[in-house]
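J.: here's a sequence, model it:
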Amino acid sequence: MGKLALAAKITHVPSMYLSELEGPRRGTRRDAIDGHIEIGRRCRELGVDTIVVFDTHWLVNANYHLNCAPHFKGLYTSNELPHFISNMPFEFPGNPDLGQLLAKVCNEHGVETLAHHATTLAPEYGTLVPMRYMNADQHFKVISVSALCTVHYLNDSARLGWAMRKAVEEHYDGTVAFLASGSLSHRFAQNGLAPEYAFKIWSPFLETLDHSVVDLWERGDWKTFCEMLPEYASKGHGEGFMHDTAMLLGVLGWSAYDGQAEVVTPYFGASGTGQINAVFPVTPQDGHAVPKAVASSADGFSTVATRL
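T.: Next up, the predicted model:
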């Protein structure tokens with residue numbers, strides 16, 4: 001049987017890469033980079049062989065998707081912020097077998113999920129930036145999961161996370177870490193004001209809300225956080241509608257989770273958004289609090305295999 005060794009909510013701000021380059025931003029994201037390096041170190045210490053990333057920069061309009069190609073290599077330029085990430089090299093191995101297993105068990109739990117192992121699709125920077133610092137030596141295999149979900153239920157994302165945990169613990173011979181790659185509040189600075197907000201949060205409301213959320217995490221008040229997540233996702237401008245966070249909490253047992261978050265990189269502002277690196281200790285769970293799948297119970301639902 002496999003093991004879930006580590007879970008974390010992580011930043012992927014492109015200014016981390018920019019801070020490597022010569023110029024006025026050089027060195028300004030050292031804390032965030034060091035946080036990634038520390039999480040990578042812990043994964044090595046725990047014997048992790050594969051990192052699964054819930055990537056809020058992989059936008060999907062139907063179903064859930066896993067990129068589990070056998071190998072990833074290339075140069076990446078962000079279509080969103082090409083002046084921040086341009087021609088960034090990346091390379092690391094994938095894990096097709098685990099990817100297909102994760103998708104299979106998600107489907108068994110009523111969350112329609114497709115694994116793509118024979119694909120030319122490259123990961124997005126929600127995966128690439130963390131792997132640059134956690135996995136520079138290509139030690140870990142990597143699977144990327146779509147987490148910018150435009151028409152999906154948060155309950156389904158939570159159920160997907162739990163299904164993936166069960167897949168690992170009951171069917172996989174190895175050790176896995178799950179990372180939710182996305183911000184807290186994600187309200188970018190208005191056009192023309194980005195430089196002014198390079199290290200700030202867009203509004204006092206969002207900053208206060210984010211600090212309240214981190215406090216809930218550190219105190220372990222997961223019942224309150226899970227109840228407020230839908231409103232936090234909308235009113236708090238949550239990145240990817242907070243599907244990465246719902247997936248991670250599903251992995252951990254949802255509102256029944258009884259751990260307390262450990263902040264590795266303290267909360268910080270980036271272009272108006274709220275960012276953090278935090279590790280969530282893995283505790284034994286039976287999944288009773290994880291929401292049931294929603295989409296697959298709707299009238300008229302049919303699997304993708306019957307529609308293509």
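
J.: now do the residue nearest to residue 87 when sequence neighbours are not counted against residue 85, distance only.
T.: Closest residue to residue 87 apart from its sequence neighbours, by C-beta to C-beta, 6 or more residues apart in numbering: residue 75 at 4.9 Å. Placement of C-beta: from N, CA and C, glycine included. Plainly put, residue 75 is 10 Å away from residue 85 if you go by C-beta to C-beta, to the nearest Å.

J.: bridged to the spatially most central residue of the chain, which residues?
T.: What sits nearest the mean C-alpha location of the chain, by C-alpha atoms, centre = their mean, is residue 180, with 2.2 Å. Residue 180 has these beta-bridge partners by DSSP bridges: residue 9, residue 54.

J.: what sits against it?
T.: By C-beta atoms under 8 Å, 6 or more residues apart in numbering, the contact list for residue 180 reads 7, 8, 9, 10, 54, 147, 244, 245, 247, 248.

J.: surely residue 301 is in contact with residue 295?
T.: Yes - taking C-beta atoms under 8 Å as the definition, residue 301 is a contact partner of residue 295 at 6.5 Å.

J.: for the stretch 51-200 of the chain, which spans come out with low pLDDT?
T.: For the stretch 51-200 of the chain, no stretch is flagged by pLDDT under 70.

J.: helices along that one, start to end?
T.: For the stretch 51-200 of the chain, the helices defined by DSSP state H, counting those that start in this stretch occupy 96-108, 125-134, 154-171.

J.: I'd like those laid out as TSV, including mean neighbour count.
T.: Converted to TSV, these look like this (neighbours: other C-beta atoms under 10 Å):
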stretch	mean neighbour count
helix 96-108	21
helix 125-134	27
helix 154-171	24
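
J.: so which of the ones you listed gets nearest residue 15?
T.: Residue 15 lies closest to helix 125-134 among those, at 9.8 Å (C-beta to C-beta).

J.: which strands and helices lie in contact with that closest one?
T.: helix 15-18, helix 30-45, strand 50-60, strand 88-93, strand 141-149, strand 175-181 (3 or more C-beta pairs under 8 Å, 6 or more residues apart in numbering; DSSP states H and E).

J.: okay, the ones you listed in JSON lines with distance to residue 228 next?
T.: Output for those, formatted as JSON lines (distance: least, C-beta to C-beta, whole Å):
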{"stretch": "helix 15-18", "distance to residue 228": "29"}
{"stretch": "helix 30-45", "distance to residue 228": "25"}
{"stretch": "strand 50-60", "distance to residue 228": "19"}
{"stretch": "strand 88-93", "distance to residue 228": "35"}
{"stretch": "strand 141-149", "distance to residue 228": "19"}
{"stretch": "strand 175-181", "distance to residue 228": "17"}
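
J.: separation between residue 36 and residue 79?
T.: Distance from residue 36 to residue 79, by C-beta to C-beta: 23 Å.

J.: more neighbours, those two?
T.: residue 36 (27 against 10; other C-beta atoms under 10 Å).

J.: ok, now which ones touch the more buried one?
T.: Contact analysis of residue 36 by C-beta under 8 Å, 6+ apart lists 10, 16, 130, 132, 133, 134, 277.

J.: and which of these is nearest to residue 229?
T.: residue 10 (17.9 Å).

J.: beta-bridge partners for residue 72, please?
T.: residue 92.

J.: any idea how far residue 98 is from it?
T.: For residue 72, the distance to residue 98 equals 15 Å [C-beta to C-beta].

J.: about what we covered before: so for residue 265, which of the helices and strands packed on helix 125-134 sits nearest?
T.: With C-beta to C-beta as the criterion, residue 265 lies closest to helix 30-45 of the helices and strands packed on helix 125-134, at 3.3 Å.
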